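> Provide a 3D model corresponding to the input given below.
(2 chains)
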Amino acid sequence: MSWVGKSLRRKEDERLVRGQGLFADDELGAGMLHLYILRSPYAHARILSIDTAAAEALPGVVCVLTGKDVLEHCDPYMQLGPEPCDKIRDLPLAVDKVIFQGEPVAAVAATSPGIAMDAGQLIDVDYEMLDAVVDAEEALTDKIILHEAAGTNRTWHGVYEYGDVEKAFRDAVHVVRIPRMHFHRYASTPLEGNACVAEWTRQGTVDFLCNNSFPGFAQQLLAPGLRLKSDQVRIRTYDIGGSFGNKIWNYVYMALAALASKKAGGRRVKWAELRTENLLGSGHGNERTFLDTEVALDKHGVITAIRSRHIDDCGAYTRYEPLGCVIWSQVLPATFKLRNMRIDFTQTVTNKCPAVPNRGYSRMQHLWFMERIIDICAHELRIPADEIRLRNYITEFPYETPNGCVYDSGNYPAMLAKAKQLVDWDKWKKMQVAARADGRLIGIGIGTTLDSGTNNFGQAQIMNPHLPFSGNAEVCTMRLDFDGALVVSLGTGPSGQGHETATSQVVADELGIDPSMVQVRSGFDTGWNTYVGHSGTYASQFAVTGLSAVHGACQKLKAEMRKLAAFLLEAAEDQLEFGTGAQGPEVRVRGTDKAIGYWQLSNVINNNNAMLDERMADVTLNIRHVYRPPFRVPDTKRKFGNLTLTYAAQLHIAVIEVSRETSRAQILAYAAVDDCGTVINPQIVAGQVHGATSHGIGAALMETFDYDETGNLLTSTFSDYCPITSLNIPDIAYGSIQTPSPFSYSGAKGMGEGGGAPLHSISAAVQDALYEAGVIVTGSHHSPPAIFAALQKPNRAQAVSVEKR
Amino acid sequence: MYPAPFRYHRAASIEAAIRQLSELGEGARALAGGQSLLVWLKMRFGEVSDLVDIGRIPGLDAITQDAAGVRIGALATHARIARSPLAKLLPIVGDCANGIADNQVRSRGTIGGSLASGDPSCDWPVLLTTLDANLHTQGPGGARDLPVDGFVEDLYVTKLKPGELITGISFAMPVKGSAGAYVGFKRCAPAYPTISVGVQLSLKGEQCEDVRIALGSAGLTTIHARAAEAELKGKTLTPATLARAADAAVAASDPVDDQRGPIAFKQSIIKVLVRRGIETAKRRCHGETVEVSHEYY
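Alright, predicted model coming up:
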């Protein structure tokens, strides 16, 4: 009987669907204060003065914070980037200048959220407007500079060059040039906004109940920011209503709740973001522009080399960035076997909301770029879209990419075949021809993508050689409890991924018990729970890091149980076996009825230990196991090394029709095939695939953060931003294959981010629909106004050129 | 979002509400379903010191119809209208009521509130202009009847005087052989339409005897596209006359460039919806049952 591989119902759902989860904003208590953050209405302005007198006089207001308080009590947060990022002064409130619309300038703590907001309206801030820069290329001219101390907007630059690019272009039969492509700005908008409850305790420590999704890292930034020792900052999480990477950064403003608590004499202070605040000032996905792309191909349409210049727009602050300037290179050649690449990569700040990790972080943008390339080449060289992919796919695994990453396993042709079957490719191909004859625009698009998981933090040193980060780790503690139950805690702090369930399945199998006998402590706690610096839920890694820690802990625990049982049963360890007897799970002497139950083993250790001698001194039945993936520090000069352990893959096919009347791209059929190696819980995996697919469809067709030229966000409410809902999600024909990873104990690969496959497949489908109308798809957002503009001004003459040698 | 503090008053009758609103002065607003007003308050637009809740005044939510005409009380919710026999009898009313936002909004929001808000994106002013409706008010100066067409004078500005309340709307029952359609193009259900169009058509054979065309979200107020009507009146409905009407509707419109799209795009949608509205109305005139709904993108 194996629990792994079964769709065990999620243990978490009982409390979540009954409204019994505990989210940070659910926390209430006598005397709790509520924080309101006053935000800048301008994208770029000098703060001349702030008058808080009227706000402070309002009954119910306990304290007001401005840049002055922050300067007095905080040190600027560490920036991950090298020079000039170290000159960026990143504080929880703007001090003398605001650099994006929505940037916090003051905070009020009051006895109710309404009073806090009323007081916020009474704060008088005198601004001097400055010109804003919202375009990345313009920002790089440095005519308008955001961080004056840095002296430039360019926060990172590096060249990634592998193979012999020049030779490949000399030998090319076709050279395809695409002068400009652009990946748009959006975010996956978790249902729950950022929130925390902070208390500056009498011991001078700070206690946070929050929803940060990478708390191991947040603690390392928050403590020095608040001028405290690491252990003086306690970070707890419980249920988190989605993160998608967005909640990695929220430590920045958690500090405000702590400072308000300090100023208020230690009263607990809650900060809970409102939706518009979330859209305006929380975190957006990275926007990227791809310039001067040149593609070398041989006579078969096999890509032999790519060179391009990429400009990443990270908004106003770098913070976790410029990690994104390296993270994309986990998937440098995408799913293709080319060996020669040169990418000149630059990142800039602009007067827009800071970029933060967002589902598919940084790899998705690059994978979209690679998929656009192959798709445009297919159309220009008249090679069918499926055929050109089959000619270019990597087929041998493990596969070392030109930059030293190792793709563990995969079978892209099999995924393509499966997706074609699920979507009914042949039928749509015929319908497309018939529809074209009627003047209808039907397009079929393939998107192949990678979800690289379990990252090697050593890649941070490619971005900044001075960073003291490398490898990765996750930790699990496990104890055999009085009643024979297994009590498990993890550092992962999930945000909806079903860690309690998957962990229970693994432990149940390893210890031969029912999953109901496994109690998984959800949430994260630097005070009382187990963690390491890498702990958190991000970068598609739980199935590898989290479950390897669980699996390793099981082995250690079983070794102790075996040792203890051998002692008690007076047998040799190799005579013992684990099994289930009349009274439940037990360890017994093989072939006899001599056995001892799990609960009895626990009882001996915990309550009845006078029978033990010094040989049992190390046996505690209380295990801590840290899993560390086998990584090395990459060669930072060559930008070479294995950056991630596993490579889950997705292959999506979209069939769309573009209405000539309304310019709307409507999905007619959609297939999504997933390969995340060995599947622990098929239902959870299917849920993740549907979620990632929905996010991607929303991004491709609906969602965009549009700024006007003054840096004013035009889509700052859900009514204007229009996140995807179930009403807009088509039926998804879902399928999977399993190519087990040779690098994880179970063959599982991390998954969940999904690699932005719908952006690739929908862009390709729109391309297929509009190619004959003279449109080359060079953007990632396909709203009716965008398609209308494309059809009004077909761009093929400027957007692509093909040189045949 | 939290509104600024305000005082709450509940009116027991129309007369009491008018008296309270007049006494409380400029800072007082009437609260019906609250689906526009409460959002405004939360966004802290304008200064509102008092809300006079008229939502529980009895008898203001009735929907009645007879051979002569239809009367809808100001407090009838979108959902109540959508479920009413009227929506079955006049499909254009169902098109509109069912297409407003989501269930939550439809269950609270009222037809009177939609008119009084003066919002150019609201659906009812467009529909009621199409149906040549009148609205009935009561205020300190007594009762008035006003045409819906022209009631909203500018962005969020209506002809309502201080202390004056909409009590209901009425319109004549469309003549036999007449039918209408109301269509919108929306980003998603809870969003306001990018463009909406109401068409009410009277046919004699294939010839257009009379027609009303109104456009929503196509300018600062509902636009009654008279020039488009003129292209159709007395003419046989052909693709060419429809195209001319659509062009005339575009010429009458004045959409703004915003996050829902640039002007040229919105103009292209006006054309599509005018044609779609006329075609649907025509089929309904011929006795066909045609389900139409807004198009979401």
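> Contact partners for residue 172?
Going with chain A. Residues in contact with A:Ala172 (CB atoms under 8 Å, 6 or more residues apart in numbering or on different chains) are A:Ala296, A:Leu297, A:Asp298, A:Thr304, A:Ala305, A:Arg805. Heads up, the C-betas are built off the backbone N, CA and C, glycines and all.
> ah, I was thinking of chain B
Taking CB under 8 Å, 6+ apart, we find B:Ala172 in contact with B:Ala68, B:Gly69, B:Val70, B:Asp132.
> Pick the one among those closest to chain A.
Taking CB to the nearest CB as the measure, chain A sits nearest to B:Asp132 out of these, at 28.7 Å.
> quick revisit: are any of the contacts of B:Ala172 buried, and which?
Buried residues within these, counting neighbours by 16 or more other CB atoms under 10 Å in any protein chain shown: B:Val70, B:Asp132.
> Select only the buried ones of the contacts of A:Ala172 in PyMOL?
Selection of buried members from the contacts of A:Ala172 for PyMOL, criterion 16+ other CB under 10 Å:
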select buried, chain A and resi 296+297+304+305
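> okay, the contacts of A:Ala172 in TSV with pLDDT and secondary structure next?
Formatted as TSV, the contacts of A:Ala172 follow (pLDDT from 0 to 100; DSSP: H, G, I helix; E, B strand; the rest coil):
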residue	pLDDT	secondary structure
A:Ala296	98	strand
A:Leu297	98	strand
A:Asp298	98	coil
A:Thr304	98	strand
A:Ala305	98	strand
A:Arg805	87	coil
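> Widest-spaced pair of the contacts of A:Ala172?
Of all pairs drawn from those, the greatest distance, 13.5 Å, lies between A:Ala305 and A:Arg805 (CB to CB).
> Between the two ends of stretch A:54-69, what distance do you get?
With CA to CA, to the nearest Å as the measure, the ends of stretch A:54-69 fall 18 Å from one another.
> ok, now which ones touch the residue positioned nearest the centre of chain B?
Nearest to the geometric centre of chain B sits B:Trp124, at 1.3 Å (CA atoms, centre = their mean). Each residue near B:Trp124 by CB under 8 Å, 6+ apart is listed here: B:Cys96, B:Ile111, B:Ser114, B:Leu115.
> Distance of it relative to chain A?
Relative to chain A, B:Trp124 is positioned 18 Å away (CB to the nearest CB, to the nearest Å).
> Would you mind measuring from B:Val70 to B:Asp254?
According to CB to CB, to the nearest Å, B:Val70 and B:Asp254 sit 30 Å apart.
> and the residue of the stretch 101-250 of chain A found nearest chain B, what element?
Relative to chain B, the nearest point of the stretch 101-250 of chain A is A:Gly114 (4.1 Å; CB to the nearest CB). Counting by DSSP states H and E, the element that carries A:Gly114 is helix A:113-122.
> Okay, domains of the chain per the record?
Just going to use chain A. Annotated domains of chain A cover A:13-130+A:188-281, A:156-187+A:283-458+A:634-804, A:474-627 [automatic domain parsing].
> Chain B, not that one
By the assignment in automatic domain parsing, chain B contains the domains B:7-53, B:63-172, B:178-296.
> so which of those domains gets nearest A:Glu387?
For the domains of chain B, proximity to A:Glu387 was assessed by CB to CB; domain B:178-296 is nearest, at 35.2 Å.
> now that closest one, how far from the centre of its chain.
The chain centre lies 14 Å from the centre of domain B:178-296; the measure is CA atoms, centre = their mean, to the nearest Å.
> what pLDDT, on average, does it get?
Averaging pLDDT along domain B:178-296 yields 95.
> swap in stretch A:61-71?
98.
> where in chain A is pLDDT low?
Low-confidence segments of chain A, defined by pLDDT under 70: A:1.
> So which bits of it are right by chain B?
Chain A has residues A:113-114, A:117-118, A:121, A:274, A:276, A:661-664, A:701-702, A:706, A:714-715, A:718-720, A:722, A:725, A:727-728, A:783-785, A:788-789, A:792 near chain B, with proximity defined as CB under 8 Å from any CB of the partner chain.
> about what we covered before: can you lay out the contacts of B:Trp124 as a markdown table showing pLDDT?
Below are the contacts of B:Trp124 laid out as a markdown table (pLDDT from 0 to 100):
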| residue | pLDDT |
| --- | --- |
| B:Cys96 | 97 |
| B:Ile111 | 98 |
| B:Ser114 | 97 |
| B:Leu115 | 97 |
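> So which of these belong to helices?
Counting by DSSP state H, the part of those found in helices is B:Cys96, B:Ile111, B:Ser114, B:Leu115.
> Just give me the closest of these to A:Leu191.
When the ones in helices among the contacts of B:Trp124 are compared for distance to A:Leu191 (CB to CB), B:Ser114 wins out at 29.1 Å.
> now the strands: where do they sit in the stretch 351-500 of chain A?
Along the stretch 351-500 of chain A, counting by DSSP state E, counting those that start in this stretch, strands occupy A:399-400, A:406-407, A:441-455, A:474-480, A:486-490.
> now these in JSON lines, with distance to A:Val433?
Compiled in JSON lines, the strands of the stretch 351-500 of chain A are given as follows (distance: least, CB to CB, whole Å):
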{"stretch": "strand A:399-400", "distance to A:Val433": "37"}
{"stretch": "strand A:406-407", "distance to A:Val433": "36"}
{"stretch": "strand A:441-455", "distance to A:Val433": "9"}
{"stretch": "strand A:474-480", "distance to A:Val433": "52"}
{"stretch": "strand A:486-490", "distance to A:Val433": "54"}
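> Which among the ones you listed is found nearest to A:Trp200?
Closest to A:Trp200 of the strands of the stretch 351-500 of chain A is strand A:486-490 (CB to CB; 26.6 Å).
> got the buried residues for that closest one?
For strand A:486-490, a neighbour-count test (16+ other CB under 10 Å) marks A:Leu486, A:Val488, A:Ser489, A:Leu490 as buried.
> Now for the spatially closest residue to the first one that is not a sequence neighbour: which residues touch it?
Which is A:Leu486. Closest residue to A:Leu486 apart from its sequence neighbours, by CB to CB, 6 or more residues apart in numbering or on different chains: A:Val518 at 4.8 Å. Listed by CB under 8 Å, 6+ apart, the contact set of A:Val518 reads A:Ala485, A:Leu486, A:Val488, A:Thr503, A:Ser504, A:Val507, A:Ala508.
> Looking at the residues you listed, which two lie furthest apart in space?
It's A:Ala485 and A:Thr503 that sit farthest apart of these, by CB to CB, at 13.3 Å.
> quick one, which of the two is more surrounded?
When neighbours are counted by other CB atoms under 10 Å in any protein chain shown, A:Thr503 comes out ahead of the other of A:Ala485 and A:Thr503, with 32 against 17.
> That one: what's it in contact with?
So A:Thr503 contacts A:Val488, A:Leu490, A:Val518, A:Val520, A:Gly546, A:Leu547, A:Val550 (CB under 8 Å, 6+ apart).
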